[in-house]
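Peer 1: Dropping a prediction and its sequence here:
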Amino acid sequence: MPTTITMPQLGETVTEGTVAQWLKKPGDRVEKYEAFVEVSTDKVNAEVPAPVSGVLREIIVGEGQTVPTGAPIAVIDEAGAPPDAEPVADAIMAAPAMGTLRATPAPSTQRPRQPGGNGIGVSPAVRRLAREHNVDLANVRGTGSNGRITAQDVLDAARTAPAPARADGGKSGYTNPIPGTTIPLSQARKLIAQRMVESRRAAPHAWTMVEVDVTNLWTWRTREKDAFERRHGVRLTLLPFFIRAVVESLLAYPLMNASFTEEGIKVHKDVNIGIAVALPDNLVLPVIRGADKLSVKGLAVAASSLIEKARRNQLTADDLAGGTFTVNNTGANGSILSAPIIPNGQAGIVTMEAVVKRPVVIEGDAIAIRSMMNVCLSLDHRVVDGFIAGAFVTDVKKRLEAMGPSGTL
Amino acid sequence: MRTSATAATHFERFGLSDEQLVAILRNMLLQRTVDNRGFQLNRQGKVPFALGSEGHEAVQAGAAMAFARGRDILVPYYRDLGLVLGVHYPVIDLLLSMFARGADRAGGRQFPNHFGNRELGIMNISSIIAAHLPHAVGAAYAIRFRGESGRAVLASFGEGATSEGEWHESVNFASVHGLPIVFLCENNEFAISVPQSKQMHVKDVAQKAAGYGIPGEAFDGMDPLLTYDAVHRALERARSGGGPTLLEAKCARFLSHSTDDDDRTYRSREAVKELRKRDPIATYEAVLIANGIVSEADIAELQREVLAITNDATDRAEALPLPEPHELYKNVYGDGDFEPWR
Amino acid sequence: MAIAASTREMNNVEAVRETLHEALVRDDRVLIMGEDVGARGNVFLITKGFLEEFGPQRIIDTPLAEASIVGVAIGMAMEGLRPIAEIQFADFIYPAFNQIVGEAAKTRYRSNGDYTCPLVIRTPYGGGVRGALSHSVSVEALFYHVPGLKILAPSTPADIKGLLTAAIEDPDPVLFLEHKKTYRLVKGPVPDGHFVLPIGKADVKKEGSQLTVVSYGLYAHQALDAARQLESEEVSVEVIDLRSIRPMDRETILDSVRKTRKLLVIHEDNKFGGVGAEIAAMVAEEALFDLDAPIKRLCGPDVPAMGYAITLEEEFMISTERMREAMRDLVNF
């Protein structure tokens, strides 16, 4: 009896999905709960387990195609009729065929990711290094005892990895390009390209900048960081302080926390701050929901957790949804000025640039060496004009300059 | 052994003034009132644990009177409520400890009656019997080491403590070095349920002194003046370089060991009734009245006064908060960090 | 540690002696008490001559009673002196357990800082000296568990002087363990004059890239020997001398393990529940994804003590050859 498999909903607010990769081909045996297709929404890839056991009869949606949630994508024949190249359009199969099929052993139900080596477990270091360096353990020869793959083996493999002629299964040479070749577009790259173009086309981007004296804030952070890390297990950077200031300014200037729609400017009640996280071959924007309810401490912990998840490729669709404003720590790459592209549907994106010691003029016309950090804002000129945007970004500056060792985390 | 020397016809005041005699009575009344308050709070469900000292009022008030506040060092045990009150331990501190409030000197960490107050010269103690005695000996060594004559250590304990190895080691060390310390045993004949006959083979704890070559003296611990005299002489001996003394005050414990004990399982009610006939407070009051030192009205006034003090301390202590949970981590080490992995 | 103007070569027992002597001279409050520390000058001659120089008030021959050696010292410390109590052999420390764990460790805590206990308890421990059942044990595992105590076990003369001085000046009770076999066996340069090493910091005695070995006491030296021998086989082992058992140095150990990805703990004390167990647990908790092999512990067998017969002692003690083997195996894992 054939079962039609439909596109699953991979997140609360998700309405469509793209078939990233078929893990089975028509005629293959599929066990219930076995992963048989990889689906992606935004930039989250998820393996879909089969709801029934049987044989994959027909693939309806091909790789790379996007369909709405609930649309049919494949048919699995539950009765387990012998593999048949022609797709069965009509339903009923003859039951007696089941007996013969049972005799033939089912193909291996191993999950796609197998450890390399000969059955000896893979050490935690090997697992991590393989992921970080994008090394497929199946291709690594183990030089450890009993043929075990060692951490050094993985590092050696990463160094001498040949440039891929063409990518397969989502792996791309994006981080390791060979000049003169064409890198096939991964799912992530396609989506990034699409989104950036959409945003630029829809929203007229304007830009402004302020210089912020973060000397006191830096002192405060330096004083707190060791005890903080000991107590919470999380590093204390300037990011949570920055987010806190931005959140408070958003509450003062709610038009910056809004979206342009044909029906009107939708001013959001929730303050959900997206953090741009750059990964080797992807850019993700996980969201801290309800950031206005978190203290600096809370923001540090929340941000660290999301960034960790992003680095381990464990972000869920819900982690990425619901952002109302975005923050980008471009300064971490050394930048002192950026003109970022606004995430779709938001009124602006603000960056914190690198902290640089500079001689500046202070009160009384004296010159002092201060720690200066530029804050840049790209704004959707349909939603706000320079008046509000300027006031907003100046407000962020004031709040940051007021932060110092007498504050509470 | 000296028994009562305070019969109406032969009143020996051992050089104490009227004020001092009345102060002794006041201390005994205050001790009983605060002591009872612990049990009242326990029965009200406000305080989970209380230790009683009823029956010890005379020995503790008398010993406290002999103690030189600001000079001597006191190393008490957990039944010495009256003794610490007599050296001016604040009543509020006792109640704060009962209620385990954060403002308690030990931050609510200790059981009630685990005294300690560096300013008053009271060394802080644990619940471990006799473990405090080597410390008392060390303190005596320190004051002698620094040449501080005129100072002595008063260490007290029950008769059960004299069975502990650390009791023996302490008395031994102190006597070898001739240290300025008085070992005061408040013998109430029961170590929780174990009677003296099962605790030792001698009739008097004071007899053990012979084994250390130091003076030993037993006396009626239900008589505050006899106690004062014995402790005073022993402390003077210690302060002037005469070495240690082992004192034994024969007294009685009217209550169970603590709220976790039920003495009905090992003592008859008749026996306790007999003991109460020798109530040290009633006895001493009678003596003072008979000798014209106080009147009934004076006593009533004293009772009112100590009750008011106790009530005030109770109310103030109860109103204060418990310690914050994060206080748990403080004062493990001097640098404030408790983490073993640094 | 500042670079000293001058150093002198001495062995471990001389380092202990010199440190104690300097402390007695420098601080009037310091005194030494224990069995045979006076006229005999200590059974290893550590305090020889001290009685004549500092007098019987400061160098005290105590009665044979360990509980009061520590207990009386606690009272002295609470009253403002700086006593150094000696337990003649670590095997005799058990009667003092109540005073060390129940009283000294808790003095500051139970008084919420009203009273403190700046006490040092020194004792020789460890085997390989034909000491048999009661002159060979290691006791650190019994005490390092206890909050409020500090436990030190340095293995070189300079470390001994720096850490014993730090212990004497520390406001909290410190158990100072001296491996008796290293007393005369281990020599090294010791800076002249007063200096302290920080309590809670380990020392990388040899750098390496393929394996982290953590050890202390006599075995720190044997591990170092084994590691140096392995250099000729082009095997690179990093050796960390713990020096401080409580508090213990997290950063040095983790930095090393993150570099080498493999950890071997070597200690003389029995394996079950020994110091190695805590190190292994911490590293597994904090650096699991840096480990390329299981954490290994090469430790004393789980029997009560080493016997008098040489064959029994040698079975208990771990040879440098065995350490080399264990290191080689783990590097090749």
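Peer 2: Looks like it came in fine. Residues are numbered from 1 along each chain as shown, chains lettered A, B, ... in the order given.
Peer 1: what's whichever residue of the stretch 1-150 of chain C sits closest to chain A in contact with, if anything?
Peer 2: Residue of the stretch 1-150 of chain C nearest chain A, by CB to the nearest CB: residue C:147 (16.7 Å). Backbone N, C-alpha and C define where each C-beta goes, glycine included. By CB atoms under 8 Å, 6 or more residues apart in numbering or on different chains, the contact set of residue C:147 is B:332, B:338, B:340, C:105, C:109.
Peer 1: Swap in 7 Å and give it another go.
Peer 2: Contact analysis of residue C:147 by CB atoms under 7 Å, 6 or more residues apart in numbering or on different chains lists B:332, B:338, C:105.
Peer 1: And for residue C:41?
Peer 2: Neighbours of residue C:41 in contact, by CB under 7 Å, 6+ apart: C:47-50.
Peer 1: go with 10 Å
Peer 2: Shown in contact with residue C:41 (CB atoms under 10 Å, 6 or more residues apart in numbering or on different chains): C:17, C:47-52, C:59.
Peer 1: how about a markdown table for those residues, with distance to chain B and neighbour count added?
Peer 2: Listed next are the contacts of residue C:41 as a markdown table, based on distance: CB to the nearest CB, whole Å; neighbours: other CB atoms under 10 Å in any protein chain shown:
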| residue | distance to chain B | neighbour count |
| --- | --- | --- |
| C:17 | 23 | 21 |
| C:47 | 18 | 27 |
| C:48 | 23 | 14 |
| C:49 | 21 | 12 |
| C:50 | 16 | 20 |
| C:51 | 15 | 19 |
| C:52 | 19 | 12 |
| C:59 | 12 | 24 |
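Peer 1: Filter those down to the ones in strands?
Peer 2: Judged by DSSP state E, strands contain the following of the contacts of residue C:41: residue C:59.
Peer 1: For chain B, which residue gets nearest to chain A?
Peer 2: With CB to the nearest CB, the shortest gap between chain B and chain A falls at residue B:339, namely 7.4 Å.
Peer 1: Would you mind listing what in chain C touches chain A?
Peer 2: C:210, C:258, C:260-262, C:284, C:286-294, C:329-330, C:332-333 (CB under 10 Å from any CB of the partner chain).
Peer 1: re earlier: would you mind measuring from the residue of the stretch 1-150 of chain C closest to chain A to residue A:230?
Peer 2: Distance of residue C:147 to residue A:230, given as CB to CB, to the nearest Å: 17 Å.
Peer 1: Helices of chain A, start to end?
Peer 2: Per DSSP state H, chain A has helices spanning A:97-103, A:124-132, A:151-160, A:187-202, A:215-232, A:239-252, A:296-311, A:317-320, A:386-402. These are given in chain order.
Peer 1: quick one, the longest one and helix A:386-402 angle?
Peer 2: When you say that, I think you mean helix A:215-232. Angle of helix A:215-232 versus helix A:386-402, following axes from the mean of the first three to the mean of the last three CA atoms, to 10 degrees, is 70 degrees.
Peer 1: Touching helix A:215-232 from outside, list them.
Peer 2: Under CB under 10 Å, 6+ apart, the answer for helix A:215-232 is A:214, A:234-238, A:240-242, A:245, A:296-297, A:300-301, A:304, A:355, A:357, A:360, A:362, A:368-373, A:399-407, A:409, B:337, B:339, B:342.
Peer 1: switch to 6 Å and redo it
Peer 2: Identification of contacts with helix A:215-232 by CB atoms under 6 Å, 6 or more residues apart in numbering or on different chains yields A:235-236, A:241, A:370-371, A:403-405.
Peer 1: Reformat the residues you listed into JSON lines and put distance to chain B next to each item.
Peer 2: Output for those, formatted as JSON lines (distance: CB to the nearest CB, whole Å):
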{"residue": "A:235", "distance to chain B": "18"}
{"residue": "A:236", "distance to chain B": "18"}
{"residue": "A:241", "distance to chain B": "24"}
{"residue": "A:370", "distance to chain B": "33"}
{"residue": "A:371", "distance to chain B": "30"}
{"residue": "A:403", "distance to chain B": "25"}
{"residue": "A:404", "distance to chain B": "24"}
{"residue": "A:405", "distance to chain B": "19"}
